[in-house]
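> This is the structure alone, sequence omitted:
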Ligand SMILES: C[S@@+](CC[C@H](N)C(=O)[O-])C[C@H]1O[C@@H](n2cnc3c(N)ncnc32)[C@H](O)[C@@H]1O
């Protein structure tokens, strides 16, 4: 049963198209209802709930305290709405702040204008209640506010995370086409992989998907390594409470669990880099890596695989005919190596992929659009 606590409203940002996956994760972590919004999820809770999400979420980018959410007509409305907030509940007299802004839609002003208007409001509101002029520090602020204008909807949030959570602690090797860990974790959730099943990413690059599976399988909270999160500088998060959340997350780890997680890639350089990341994640021996060409996978795969979750190359410079041939040969080889395996993958060529799936006799389960950086891509689920 979902419980509603009196407390604060929060919103967590995520990838556009994956809001439902993120909402389910937040509900599991906090026990409170989470509502889907555009590229974000809104939930109600206490600071410890937000702390749990910051430390343990795999699908969120950042978590904010929701200070304002209203429809506005222009910059004046934004300034007025921002002035009504009692900032001294969250910010100390001696702390510095900055406002970052994002704007979607067409407006006769820029996001820098929004930052300046909100910044003025914060200073005035704080001076009115505390008699102190808050310091602005755009480079390294103690507290960061986030102003988001989407059409006429204005949202003002206070960042409790700091740097986006998709930056994982284990990324010591960076692949040129490395996948966001938030997308990787969301794909794993959508694939319905269970840690008792074997899983392979045959285009593993730097290992993001297998490593996320390993952390998920052993219930290791990815944010626990980050001790410089913004919430550590906010007075509403008590140090004792944060320590309790960290202890309870550490206590629920299942590091003893047997896993069958595999990653492979045609490039030796990628496999060497993936191994560095696997080691940094503390998953050496738990996530196993191999070098191999997927189009020949039936010749070298010697274990049974229940799920494949993968991010093949987008082939930006590939012609459509060449792309159809490539996908067809990959899908046929997978069908020979692991008949009936459930496959979850990303593609920027959904039409070509549908043809290749028909050529290989694959059955489509599900397809959704997500925004990956600035690209619109399809997240596809199919059965070989
Ligand atoms: C988009 S990248 C994967 C990035 C990865 N998800 C990560 O986070 O680092 C695609 C990978 O597919 C590999 N690749 C391309 N063609 C391949 C093939 N025929 N067989 C196996 N791997 C291949 C490339 O070497 C590259 O590392």
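Looks like it came in fine. Only a predicted model underlies this, so the values are computations on that prediction, with no experimental measurement involved.
> Write out the residues of the stretch 151-300 of the chain neighbouring the ligand.
Proximity of the stretch 151-300 of the chain to the ligand, by Cβ under 6 Å from any ligand atom, involves residues 175, 177-179, 202-203, 205-206, 208-209, 265-267, 270, 293-295. For glycine as for every other residue, the C-beta is placed from the backbone atoms N, C-alpha and C.
> ok, now which ones touch the closest residue to the ligand within the stretch 201-350 of the chain?
Here the stretch 201-350 of the chain gets closest to the ligand at one residue, residue 205, 2.7 Å apart by Cβ to the nearest ligand atom. By Cβ atoms under 8 Å, 6 or more residues apart in numbering, the contact list for residue 205 reads 175, 177-179, 265, 270, 273-274, 311.
> again, only this time at 6 Å
Counting by Cβ atoms under 6 Å, 6 or more residues apart in numbering, residue 205 makes contact with 175, 270.
> Surely it is within a strand?
No - counting by DSSP: H, G, I helix; E, B strand; the rest coil, residue 205 is not part of a strand but coil.
> could you measure it against residue 181, distance?
Distance, residue 205 to residue 181, using Cβ to Cβ, to the nearest Å: 12 Å.
> And for residue 62?
Between residue 62 and residue 181 the computed distance is 14 Å (Cβ to Cβ).
> Hmm, residue 308 is touching residue 343, no?
Yes - using Cβ atoms under 6 Å, residue 308 is in contact with residue 343, at 4.4 Å.
> Look at these two and report which has more neighbours.
residue 308 (27 against 24; other Cβ atoms under 10 Å).
> phi, psi of the more buried one?
Residue 308 adopts backbone torsions of phi -120, psi 130, taken as degrees, to the nearest 10.
> Report the contact partners of it.
By Cβ under 6 Å, 6+ apart, residue 308 lies in contact with 200, 341, 343.
> And residue 51, by the same measure?
242, 245.
> so how far is residue 93 from the residue lying farthest from the centre of the chain?
Distance from the centre of the chain peaks at residue 131, with 39.7 Å (Cα atoms, centre = their mean). Distance from residue 131 to residue 93, counting by Cβ to Cβ: 9 Å.
> Tell me which stretches of the stretch 151-300 of the chain form strands.
Per DSSP state E, counting those that start in this stretch, the stretch 151-300 of the chain carries strands over the ranges 153-159, 199-201, 261-265, 287-291.
> which other residues reach the shortest one?
Spelled out, it's strand 199-201. 193, 209-210, 213, 261-263, 305, 307-310.
> Parallel or antiparallel, which strands does it pair with?
Strand 199-201 has the following strand partners under DSSP bridges: strand 261-265 (parallel), strand 307-310 (parallel).
> Next, the angle strand 287-291 makes with the longest one.
Okay, so that is strand 261-265. Interaxial angle, strand 261-265 versus strand 287-291 (axes from the mean of the first three to the mean of the last three Cα atoms, to 10 degrees): 20 degrees.
> who does the closest residue in space to residue 17 that isn't next to it in sequence bridge with?
Excluding its sequence neighbours, the residue lying closest to residue 17 (Cβ to Cβ, 6 or more residues apart in numbering) is residue 370, at 3.3 Å. Beta bridges link residue 370 to residue 377 when assigned by DSSP bridges.
> can you pull the contacts of residue 370?
When the contact criterion is Cβ under 6 Å, 6+ apart, the partners of residue 370 are 15, 17-18, 379.
> go on, residue 102?
So residue 102 contacts residue 148 (Cβ under 6 Å, 6+ apart).
> Would you verify that it is located in a strand?
Yes - assessed with three-state DSSP, residue 102 lies in a strand.
> sorry, back to before: would you mind telling me which of the strands paired with strand 199-201 is nearest residue 158?
Comparing the strands paired with strand 199-201 against residue 158 with Cβ to Cβ, the closest turns out to be strand 307-310 (34.6 Å).
> model confidence over that closest one, on average?
Taken as a whole, strand 307-310 has an average pLDDT of 98.
> now it, how far from the chain's geometric center?
Distance, stretch centre to chain centre, for strand 307-310: 18 Å (Cα atoms, centre = their mean, to the nearest Å).
> Run the contact check for that strand versus the ligand.
No - counting by Cβ under 6 Å from any ligand atom, the ligand has no neighbours in strand 307-310; the shortest distance is 7.4 Å.
> What is the next helix or strand after that strand packed up against?
Moving toward the C-terminus from strand 307-310, the next helix or strand (DSSP states H and E) is helix 320-337. For helix 320-337, the packing partners by 3 or more Cβ pairs under 6 Å, 6 or more residues apart in numbering; DSSP states H and E come out as helix 297-300, helix 350-360.
> Out of those helices, which is the most enclosed?
helix 350-360 (a mean of 18; mean count of other Cβ atoms under 10 Å).
> And the helices in the stretch 101-250 of the chain?
For the stretch 101-250 of the chain, the helices defined by DSSP state H, counting those that start in this stretch cover 111-130, 181-191, 208-217, 239-251.
> would you turn those into JSON lines with mean pLDDT, mean neighbour count and distance to residue 105?
Shown next, in JSON lines, are the helices of the stretch 101-250 of the chain (pLDDT from 0 to 100; neighbours: other Cβ atoms under 10 Å; distance: least, Cβ to Cβ, whole Å):
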{"stretch": "helix 111-130", "mean pLDDT": "98", "mean neighbour count": "18", "distance to residue 105": "11"}
{"stretch": "helix 181-191", "mean pLDDT": "98", "mean neighbour count": "24", "distance to residue 105": "24"}
{"stretch": "helix 208-217", "mean pLDDT": "98", "mean neighbour count": "27", "distance to residue 105": "32"}
{"stretch": "helix 239-251", "mean pLDDT": "98", "mean neighbour count": "14", "distance to residue 105": "37"}
